[in-house]
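S.K.: Give me coordinates for this.
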Amino acid sequence: MIRIATAAGAAALIVSSVCIFAPSQARAAVTVFGSGFAGQCFHAAKFGGDIPAGIADCNRAIDTEQLSARDKAGTLINRGVLYMTLDDYASAQRDFEAGVQLDPNLGEALVNLGGVKIAQRHFAEGIADIDRGLALGPEEPEKAYYNRALADEAMDNIKAAYFDYTKAAELKPTWAPPRLELARFTVHPAH
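M.R.: The predicted model follows:
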């Protein structure tokens, strides 16, 4: 159990969690418009389906389509998301880092880079990347908070994990993963 001081003069809380399973990281796709291979790559990263075919579409988009720097970065990030789905963290990390190089203002690149580092158990590095990504305003910040909560919890920072899961649930109330994680927590007023 950990005591959480909420604010000066406010009641303290006791928060505890019971770890039941190790959830997977949330992945944030980057919107790439168009009907070509880059669009198909985005669709596979965002909605799933045939992952190897999605990676092949990403490869074709990168190799053959004339993409703006932002769309090429987005396509690299989307391919990295697909690699993460296959637990190919080395390839995913390479793509996320390449995406950051092409467009350092794309928050999803850093959020996903943080997620892949968390998957590799480099929790502090993952949190730092996610924090940088959040500062850039990613399209799906709830995924950043969720991944950061996973790292917080793995590092036994239960208080931070609780608040990050809560923030993820507030940002997207219809998304089940943070609500499922929050169900493991018990919050009691401190005496």
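S.K.: What are the structural domain limits within the chain?
M.R.: Using automatic domain parsing, the domain parsing of the chain gives 1-28+123-191, 29-103.
S.K.: Go through the ones you listed and name the closest to L110.
M.R.: Nearest to L110, of all the domains of the chain, is domain 1-28+123-191, at 3.2 Å by C-beta to C-beta. The way it works is simple: take the backbone N, C-alpha and C, and place the C-beta from them, glycine included.
S.K.: tell me the mean pLDDT over that closest one?
M.R.: In this model, domain 1-28+123-191 carries a mean pLDDT of 78.
S.K.: How far off centre is that domain?
M.R.: Put simply, domain 1-28+123-191 sits 12 Å off its chain's centre (C-alpha atoms, centre = their mean, to the nearest Å).
S.K.: from here on, count from 27
M.R.: Will do, 27 is the new start, and the previous item becomes domain 27-54+149-217.
S.K.: Who are the packing partners of the longest helix anywhere in the chain?
M.R.: For the chain, the helix with the greatest residue count under DSSP state H is helix 95-111. Judged by 3 or more C-beta pairs under 8 Å, 6 or more residues apart in numbering; DSSP states H and E, helix 95-111 is in contact with helix 63-73, helix 77-90, helix 115-128, helix 133-145.
S.K.: Tell me which of those is the most buried.
M.R.: The highest mean neighbour count among the helices and strands packed on helix 95-111, using mean count of other C-beta atoms under 10 Å, belongs to helix 133-145: a mean of 28.
S.K.: Report the angle between it and helix 95-111.
M.R.: 20 degrees (axes from the mean of the first three to the mean of the last three C-alpha atoms, to 10 degrees).
S.K.: Helix 133-145 packs against which elements?
M.R.: Counting contacts by 3+ C-beta pairs under 8 Å, 6+ apart, helix 133-145 is packed against helix 95-111, helix 115-128, helix 149-161, helix 167-180.
S.K.: now the helices and strands packed on helix 95-111 in a markdown table, with distance to K169 and mean pLDDT?
M.R.: Formatted as a markdown table, those follow (distance: least, C-beta to C-beta, whole Å; pLDDT from 0 to 100):
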| stretch | distance to K169 | mean pLDDT |
| --- | --- | --- |
| helix 63-73 | 12 | 91 |
| helix 77-90 | 18 | 96 |
| helix 115-128 | 14 | 96 |
| helix 133-145 | 6 | 95 |
